[in-house]
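Undergrad: Sequence plus predicted model, see below.
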Amino acid sequence: MNNYYFRDSASSRPRRPRPTIRDTGLANSAALAKLVCIFSVALVIGIASLIWIAQDVTKYVDFDIDHSSHVGHGSYGDVYRATFTRRDQAGRLHQTPDNIMISDRGDAQITDFGISVIPEIQGFTTVVPRNIRYSAPELTPIEIPAVAMVVNPTTASDVFGLGILFLQLFHGAAQRMPLLPSEASRTCLRTLQRSSAFNVASLFSSRRAASAAAAVKPASEAAAYPKHELTPADVQRLKFQRNIGVSAHIDSGKTTLTERILYYTGRVGAIHEVRGRDGVGAKMDSMELEREKGITIQSAATFCDWEGKSPVTGEKDKYAINIIDTPGHVDFTIEVERALRVLDGAILVLCAVAGVQSQTTTVDRQMRRYGVPRISFINKMDRPGANPWRIIEQIRTKLKIPAAAVQVPIGAEDELRGVVDLVRWKAVYNEGEKGINVVESDEIPESVMDLAKAKRQELFEQLAEVDEEMGDLIINEELPTNEQLAHAIRRATVGLKFSPVFMGSAIKNTAVQPLLDGICAYLRDPSECNVVAHDTNLPISAPPVPLVPAAQAPFVGLAFKLEEGRFGQLTYIRVYQGTLAKGNMIYNARTGKKVKVPRLVRMHSNEMEDIASIGPGEICATFGVECSSGDTFTDGSTSFSMTSMHVPEPVISLSIKPAGQETPNFARALNRFRKEDPTFKIHFDSESKETIISGMGELHLEIYVERMKREYNVACITGKPRVAFRETITQRAKFSYTHKKQTGGSGQFARVIGYIEPMEADPETGKDVEFENQVMGGTVPEQYIPGVENGFMEALEKGTLSGNPITGVRLVLEDGAFHAVDSSELAFRSATIYAFREAFRQAKAIILEPIMNVEVVAPAEFQSAVIGGVNSRRGQIMDSEVRDDEFVCTAEVALNDMFGYSNQLRGATQGKGEFSMEYKTHAPVLPNLQADMEDTYRKSLPQAKK
């Protein structure tokens, strides 16, 4: 980087980010006492002249950095002295202050090292905006007039204001500079005042105070943020607030359970069953397709109130509960993912017969990812073969979480009458129409007395392993009181160390109310959640900022779900901090856009209730707010951004086209579904000229095709499903590529040097591709770096082995070269694409295929047929068991080998077998399959067909 020129000419003015000013306080210079800054005052004649100078002053400003003034190298890159040159009709200033340095990395930071000595003084005239203040009062005790700045020649002056002034000249506007935590922790170093775009936004306080503060150890970054304490009103409200989700494997009874919860809390006036057998359908299944198929396709939110009974005193308190009912099918796993991202607790529903199944394991993994404590509910206790003790053992062994029953069933299968509460040692029965009345008795039935005592002792022992206080009681052979037991369950559950297990039958209206009491007693409230955000003004490595659910704190919320409503886009928001009110202006942390909240509602499935405002810890929805799933919203006073949700990659694709003439509704439907569902991807294959949709499974894509027909009146023709293969690399490879192209006039020139290497996926975000800029010395100017990154991302779209997307790669740009005339962002983009393709082969590229976790359930008599069928598809059997008269086999099988398995299983088991599968990972294909795929792809290329 030889020099930067900032000119007003459209043809020569380069585009680059605004520099950042950093003030590090006093300089350690021996020449401090000799500092003299003199600015002469020029008379500006007439308002017109004043405006003309203010608008056109950048025509005469050069900002030079040359290598001869190189002064060092450090973490910010090569550092140079800055030479400021001001030329206009009124005078000339050509200075190299020794306190202002420029680094060439990133955004070309301008750093002020405090007091400066300027050896030569030449004439300088400029117009100073009215509200600029160069605040170093002990050095410059002079008021700054509205038009010109006067400095006493005999008084030492802080020249940091000169740096600000030049920024204004270069950009025509002042730099907005948010307060850094490290600066806030150094008392009096800097104070900030937000102002409009054309005003200086920084005020600099006493340098004497700054020098004194510099000797003090700086406070931590987190300490720099204002502390927002919960008020007594906040504490009281949050204490009785719960945000929960209901999650499980398909057909475990989630929606049926939610329907009972809504009925017993008075949210709905009648119980309706799944599949709409009564012509109505469950409240939370609002889509017609959901009622027809009997499955949940979209997560649905609602809220209710419940008078929760304390497990200690038996007294009741009113709780407000937000509930999200989620799908159980693996194809709709994103709905579970984004629900758990914003919830404080969950109910993990398990079938009393099937127990832990494939999707149960997936849900457990999602709960762990977001640190969500769970209560387990063993449903369908009325079914023949129900065995809750086997299910609890599966929770411990398969899900690897300590668990114990807090209830024992009274009766079995179709004779189920109630449960024994092991904490309060009471028998609990449901009576009246639909079990609406809960009757408690101190008399435990003799038929379950011994079992209840044994399971209560087991509860003590399980808690003793995860809770220190309970462990001390057991070691000292003391019998815990009901109060000690309840507190231990809550501590262990909230601490993600334990899962209390409830049991009952939602369809038989048994033991649902005690589960509601357990939600209130053992799951955490919003104030107990450790929620953090990242300040986007700080490096990514900076410590996170804790969010406090205080109503008076600055607003921070997360948009976790989008839905096309009757009145436009419906955005679901979880409020983590502050208050959101109708009419508020909120800022999207990702885009920086400001938007007004025109309407605020609370959702009850597909019904809405208008509200004026909503506080922290709540879930709401709003219309007219353009955003994407996972965006963070603030009130603009902070620059916080929260971690988005994990989005799994699609595993299956198929081509799609309208059955008749293409209409605008075809594109409209696809764009809507893509926006609502991050796992639904669309792209146009330029070779086959087909529109390709990708998703999490065949059912996932079938549902969207059916919705296009029903909601948009667009019948579609789909092609054969395709497996989502991927390509990746197995070792590091360097690249050095020069792109030259001359066609007359300005040509193209770019040189890129660096390497590519394998990259593991981030466990939280799932991100597995990354670009890193390590260029030093300005060999690749900053304005061309986006071209390199865009070229890298474009190269990832289609690999050279099989034409599939590339994943698991990091590209590091180390060096390069450019031409003053022929270089452009386009040239660097092209250079990067060609460089990547060269390095890709050298990095021993391979093809990956999706591997699925497959669970097969069939009568025990077909055990050998099931195992043989899995082995014939190159499956690796991971586990198998025979329970009662059923055989369960768990295996890992490549998705490419699973097509047609449904028909094979049906034939091998006389129609009595069933299977489910979920995506696990991508793994290398067999060498012979890779060779065949490469050969097929080469033959399909246009040049091969000529």
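TA: Good, I have the coordinates.
Undergrad: three-state assignment of Y263?
TA: Assigned with DSSP: H, G, I helix; E, B strand; the rest coil, Y263 falls in the helix class.
Undergrad: Burial check on it, number of neighbours?
TA: 21 (other CB atoms under 10 Å). For the C-beta atoms, the positions are set from N, CA and C on the backbone; glycine is no exception.
Undergrad: What of L463?
TA: L463: 26 neighbours (other CB under 10 Å).
Undergrad: can I assume it sits in a helix?
TA: Yes - the assignment for L463 (three-state DSSP) places it in a helix.
Undergrad: That one is in contact with R491, isn't it?
TA: No - assessed by CB atoms under 8 Å, L463 is found out of contact with R491, at 9.0 Å.
Undergrad: quick one: the strands in the stretch 651-800 of the chain?
TA: 652-658, 681-685, 690-695, 716-718, 722-723, 726-728, 733-741, 748-758, 769-773 (DSSP state E, counting those that start in this stretch).
Undergrad: now the ones you listed in JSON lines, with distance to A320 and mean neighbour count?
TA: Output for these, formatted as JSON lines (distance: least, CB to CB, whole Å; neighbours: other CB atoms under 10 Å):
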{"stretch": "strand 652-658", "distance to A320": "41", "mean neighbour count": "19"}
{"stretch": "strand 681-685", "distance to A320": "38", "mean neighbour count": "13"}
{"stretch": "strand 690-695", "distance to A320": "36", "mean neighbour count": "20"}
{"stretch": "strand 716-718", "distance to A320": "44", "mean neighbour count": "15"}
{"stretch": "strand 722-723", "distance to A320": "46", "mean neighbour count": "16"}
{"stretch": "strand 726-728", "distance to A320": "45", "mean neighbour count": "23"}
{"stretch": "strand 733-741", "distance to A320": "57", "mean neighbour count": "17"}
{"stretch": "strand 748-758", "distance to A320": "48", "mean neighbour count": "22"}
{"stretch": "strand 769-773", "distance to A320": "42", "mean neighbour count": "16"}
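Undergrad: Tell me which of those strands sits nearest to M603.
TA: Of all the strands of the stretch 651-800 of the chain, it is strand 690-695 that lies closest to M603, at 25.1 Å by CB to CB.
Undergrad: what's near enough to touch A248?
TA: Residues near A248 by CB atoms under 8 Å, 6 or more residues apart in numbering: K254, G328, L348, V349, L350, Q359, T360, V363.
Undergrad: partners of the lengthiest strand in the chain, with directions?
TA: Taking DSSP state E as the criterion, the chain has its longest strand at strand 846-859. Strands that pair with strand 846-859, judged by DSSP bridges, come out as strand 726-728 (antiparallel), strand 886-894 (antiparallel), strand 914-924 (antiparallel).
Undergrad: Out of the ones you listed, indicate the one that is most buried.
TA: Mean neighbour count (mean count of other CB atoms under 10 Å) peaks for strand 726-728 among the strands paired with strand 846-859, with a mean of 23.
Undergrad: State the mean pLDDT of that strand.
TA: When pLDDT is averaged over strand 726-728, the result is 95.
Undergrad: do stretch 923-937 as well
TA: 92.
Undergrad: Does W425 touch L479 like I think?
TA: No - with contacts counted by CB under 8 Å, W425 stays clear of L479, the gap being 11.8 Å.
Undergrad: Neighbour count for these two, which is higher?
TA: Using other CB under 10 Å as the criterion, W425 and L479 rank with W425 on top: 14 against 10.
Undergrad: Now the closest residue to F567 other than its chain neighbours, what are its backbone angles?
TA: Sequence neighbours aside, F623 is the residue nearest to F567 in space, at 5.1 Å (criterion: CB to CB, 6 or more residues apart in numbering). Here is the backbone geometry of F623 (degrees, to the nearest 10): phi -100, psi 160.
Undergrad: Contacts only, for the residue nearest to L895 when sequence neighbours are not counted.
TA: Once flanking residues are discounted, L895 sits nearest to P850: 4.4 Å by CB to CB, 6+ apart. Shown in contact with P850 (CB under 8 Å, 6+ apart): V651, V723, A724, F725, A894, L895, N896, Y919, T921, H922.
Undergrad: Could you list the low-pLDDT ranges of this structure?
TA: 1-226, 275-281, 744-745, 942-946 (pLDDT under 70).
Undergrad: Go ahead and confirm E229 touches V548.
TA: Yes - counting by CB under 8 Å, V548 is a contact partner of E229 at 7.4 Å.
Undergrad: Tell me where the stretch 251-400 of the chain has strands.
TA: Using DSSP E, counting those that start in this stretch, strands in the stretch 251-400 of the chain cover 300-309, 316-325, 345-351, 374-379.
Undergrad: Which of those strands sits closest to H604?
TA: That would be strand 300-309 among the strands of the stretch 251-400 of the chain, by CB to CB, at 4.8 Å.
Undergrad: For E934, what are phi and psi?
TA: phi -60, psi -40.
Undergrad: Help me confirm that it comes into contact with G803.
TA: No - in this structure E934 lies outside contact range of G803 using CB under 8 Å: 9.9 Å.
Undergrad: The nearest residue to Y704 once chain neighbours are set aside: neighbour count?
TA: Leaving aside its sequence neighbours, Y704 sits nearest to F673 (CB to CB, 6+ apart; 5.4 Å). A count of neighbours around F673, defined by other CB under 10 Å, yields 19.
Undergrad: need the contact list for F673.
TA: Taking CB under 8 Å, 6+ apart as the test, what F673 contacts is F680, Y704, R707.
Undergrad: distance of the residue nearest to M852 when sequence neighbours are not counted from A612?
TA: Leaving aside its sequence neighbours, M852 sits nearest to M917 (CB to CB, 6+ apart; 4.3 Å). To A612, M917 is 47 Å away according to CB to CB, to the nearest Å.
Undergrad: Find the nearest non-adjacent residue to the most centrally placed residue in the chain, please.
TA: Central residue of the chain (CA atoms, centre = their mean): S644, 0.7 Å from the mean position. Of all residues not flanking S644 in the chain, G630 sits nearest, at 3.1 Å (CB to CB, 6+ apart).
Undergrad: Where does that neighbour sit, in terms of helix or strand?
TA: Using DSSP states H and E, G630 sits within no helix or strand.
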